[in-house]
Each structure stands twice: as C-alpha cells, then as structure tokens.
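> sequence plus the predicted model coming up.
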Amino acid sequence: MSRTLILITGASRGFGRCLALSCIALATKHAQPVDFVLTARDTALLATVRSQLLQKSSTKQVNVITHAADFAQSDPTALDALCADLLHAIPNPPDKYSHVYLFNNAGSLGKLDRLRTQTAADIMPAVLLNLTAPLVLTAAFLRAFQPTATRKIVVVNISSLAAVQPFDCWGVYCAVKAARDMFHRTFAVEQGEDEKQQQQHNASSSSSSSALRVLNYAPGPLDTDMQTRIRDEMPQVPLRDVYVKMHDEQNLVDPQVSADVLVEHLLLKENAFENGAHVDIYDIDGWQKK
C-alpha cells in the first residue's frame with residue numbers, strides 16, 4: 001500500500017509545530033498511511049509535538065519520527081552528513097510513497113540591526129541556517145525522491161514579506177529570504193524543463209499538472225517567539241513601533257490559523273497556485289474566516 005511522507009524542518013515550536021498539526025488533513029485527504037518526519041534542535045520539544053500529533057490523529061496509520069539536528073553547519077561535509085542522516089530517518093524507501101511533502105520551515109531572524117553594524121560572526125550563522133541548509137537539504141531530498149507519474153512531490157518554503165520587501169534592521173534576513181524564494185522558484189523551473197524534455201520523447205506523458213509542485217508561502221506576522229524578539233531586540237526605529245502596535249492591538253496572525261490556511265486553501269486543492277509562486281496569506285480571500 002502506498003504511503004504519504006511529510007517532512008518538516010523547525011518543527012519543535014511556533015509555526016513548525018502548528019504546521020505539523022495542520023498536516024493531519026493531508027493524511028486524511030490521501031486516505032493512506034502517513035509518515036511524519038519532524039526535525040529541529042530540541043529533542044524534548046520534538047517529543048511534545050509528536051505526542052500532540054498522535055493525540056490529534058484519528059487513525060493508527062500515522063507514524064511520527066523525530067530527528068534532532070542543528071543544520072547551521074559551516075563545514076560542507078558535516079552538513080551533507082546531517083542531511084543524509086535525516087533522509088535515513090525516513091522509515092520507508094522512496095518507492096513506498098505516492099505523496100511526498102517537504103516543508104522548509106526552519107529559520108532565524110539573526111541579528112536585528114543596521115547592516116553597517118554587522119560582522120561576519122553576525123551574518124554567517126543566519127546565512128547557514130536560512131539559506132545554505134535548506135538548499136542543501138532540498139537538493140538531497142529531490143535526489144532521493146524524484147517526481148514521477150506515480151509519485152507527487154510538494155516542496156513548501158516558509159517565506160516572508162521580507163523576501164520581497166526591504167525592512168529596516170532586517171537586512172540579512174531579507175537577503176536570505178529573497179535568495180531562499182529564488183532557489184525554490186528555480187527548482188520549479190528546472191522541473192518544468194525536465195518535463196518538457198520527457199514529453200518530447202514520449203508524447204503520451206504530457207500532463208496539465210507537474211509531478212513536482214513548489215510554493216513559497218508567507219504566513220504573515222505571526223504571534224510567536226520571533227515577534228517577541230522583534231519587540232524586545234530591535235533598535236528604536238519606526239518598524240519596531242509598527243510591530244509593537246500590532247501586538248498591542250491583537251493584529252498579529254495566529255500561527256495555527258496560518259498553518260491551516262496553507263494546508264486547506266493551497267495544498268488540499270488541485271493547482272491552487274502557480275508552480276514556484278510566492279503566496280502571502282493576505283493574498284488568500286477569506287482566510288480571516290478561519
């Protein structure tokens with residue numbers, strides 16, 4: 001029997017935890033056994049999310065694997081090894097899965113200050129975690145799980161408005177988020193080129209839907225620990241005041257609502273987004289009715 005695989009990075013807290021809980025709906029949609037692979041740095045928090053996920057599931061066909069790892073590695077060999085270890089944690093071989101989801105969620109704001117104040121020691125950890133690690137992991141993942149006529153793959157990058165708009169004191173975060181969007185878009189383009197070549201060799205293989213779907217999803221200003229850092233650590237610039245006001249007026253987005261919107265409005269529907277697109281929660285009609 002075919003299975004569904006759902007791999008989520010940064011799954012121990014915040015939006016990643018909410019995303020894991022929302023993805024139960026994907027298991028229900030495909031009506032087949034599902035393997036969750038959740039990774040983050042904190043073993044104890046991952047165990048808590050695992051318990052919550054199993055408690056929420058209404059079926060015994062849900063299997064949850066947790067894998068603690070720190071992907072902010074500057075050594076290429078070490079990073080390749082971490083990605084290989086994570087893929088080895090997947091409990092079944094690729095040919096057992098007909099639906100595969102990779103959520104590149106893990107990330108960090110880095111130092112919140114003007115660019116001119118930042119050194120290599122400030123910048124490099126943010127680049128490694130936010131850009132290098134997901135790029136290396138996604139490449140390794142797509143080598144292991146190649147899209148086919150019988151295996152549909154969805155890669156979701158958890159993006160940000162900061163990927164398309166400059167924010168004062170967020171320069172490094174904006175840069176890595178923009179680059180992260182672009183490499184996900186490029187994966188979608190490369191898949192399209194591969195499918196064109198396949199269609200030229202076999203006219204009967206043409207399809208209206210790609211076997212690899214890629215989405216950059218901006219979940220909105222979430223009411224999480226990241227927003228607490230913004231209010232506590234940003235210099236006294238107007239943008240900080242904007243977020244303080246949003247918090248005080250309860251206008252931040254509930255992360256569970258945003259995760260539900262991603263799954264229900266974009267992933268449970270066929271062709272709900274252009275392949276490689278950047279979709280912000282505010283682009284989705286009716287999301288506030290959640």
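Cool, the structure landed.
> Three-state assignment for Val279, please.
strand (DSSP: H, G, I helix; E, B strand; the rest coil).
> so how far is Leu266 from it?
According to CB to CB, to the nearest Å, Val279 and Leu266 sit 7 Å apart. Every C-beta, even on glycine, is put in place using the N, C-alpha and C of the backbone.
> quick check: neighbours shared by those two?
Here Val279 and Leu266 share the contacting residues 215, 217, 273, scored by CB atoms under 8 Å, 6 or more residues apart in numbering.
> by contact count, what packs against the one helix or strand the second one maps to?
Here Tyr217 sits within strand 212-218, counting by DSSP states H and E. Counting contacts by 3 or more CB pairs under 8 Å, 6 or more residues apart in numbering; DSSP states H and E, the secondary-structure elements packed against strand 212-218 are strand 152-158, helix 171-201, strand 277-280.
> just want the angle from the second one to strand 152-158.
Angular relation of helix 171-201 and strand 152-158 on a 0 to 180 degree scale: 160 degrees, by axes from the mean of the first three to the mean of the last three CA atoms, to 10 degrees.
> chain center to helix 171-201: distance?
Helix 171-201 sits 15 Å away from the centroid of its parent chain (CA atoms, centre = their mean, to the nearest Å).
> which parts of that helix are buried?
Residues of helix 171-201 classed as buried: 171-181, 183-185, 187-188, 191, 195 (neighbour count, 16 or more other CB atoms under 10 Å).
> where does pLDDT dip in the stretch 101-250 of the chain?
Applying pLDDT under 70 to the stretch 101-250 of the chain flags residues 203-209.
> quick one: the nearest residue to Ser98 once chain neighbours are set aside from Lys269, how far?
Spatial nearest neighbour of Ser98, excluding adjacent residues (CB to CB, 6 or more residues apart in numbering): Ser2 at 3.8 Å. Going from Ser2 to Lys269 by CB to CB gives 21 Å.
> quick one, which of those two is more surrounded?
For Ser2 and Lys269, the more surrounded residue by other CB atoms under 10 Å is Ser2, and the numbers stand at 13 against 9.
> isn't Val237 up against Cys169?
Yes. With contacts counted by CB atoms under 8 Å, Val237 reaches Cys169, the gap being 5.9 Å.
> in terms of neighbours, single out the busier of these two.
Cys169 (21 against 14).
> and that one, how far from Leu109?
According to CB to CB, Cys169 and Leu109 sit 10 Å apart.
> try Leu86
23 Å.
> try Ser57
Distance, Ser57 to Leu109, using CB to CB: 32 Å.
> with Ala126 instead?
Separation of Ala126 from Leu109 (CB to CB): 8 Å.
> again with Arg180
14 Å.
> before we move on, what about Ile90?
Taking CB to CB, one finds Ile90 at 30 Å from Leu109.
> show me the strands in this structure, by range?
Using DSSP state E, the strands found in the chain span residues 3-9, 34-40, 62-68, 97-104, 152-158, 212-218, 277-280.
> quick one on the thing from earlier: quick check: neighbours shared by Ala126 and Leu109?
With contacts defined as CB under 8 Å, 6+ apart, the residues shared by Ala126 and Leu109 are Tyr173.
> for Gln118, which residues are in contact?
Applying CB under 8 Å, 6+ apart to Gln118 gives the contacts 111, 171-172.
> just those residues now: which is nearest Ala20?
Val172 (27.5 Å; CB to CB).
> isn't the closest one up against Leu128?
No. Counting by CB under 8 Å, Val172 does not reach Leu128; the two are 11.5 Å apart.
> correct me if wrong: Phe141 contacts Leu87.
Yes. Between Phe141 and Leu87 there is a contact at 6.9 Å, judged by CB under 8 Å.
> give me the common contacts of the two.
Joint contacts of Phe141 and Leu87 (CB under 8 Å, 6+ apart) do not exist.
> for Glu274, phi and psi?
Per-residue torsions, Glu274: phi -70, psi 140 (degrees, to the nearest 10).
> quick check, pLDDT for it.
Looking at Glu274, its pLDDT is 94.
> ok, it to Asp232 distance?
Distance of Glu274 to Asp232, given as CB to CB: 38 Å.
> who has more neighbours out of those two?
Neighbour totals were compared for Glu274 and Asp232, and Glu274 leads with 12 against 9 (other CB under 10 Å).
> for the more buried one, give its distance to Arg185.
Distance, Glu274 to Arg185, using CB to CB: 10 Å.
> okay, helices next: where are they in this protein?
With DSSP state H as the criterion, the chain has helices at 14-22, 24-30, 43-56, 76-88, 120-127, 133-144, 171-201, 225-233, 238-248, 255-261.
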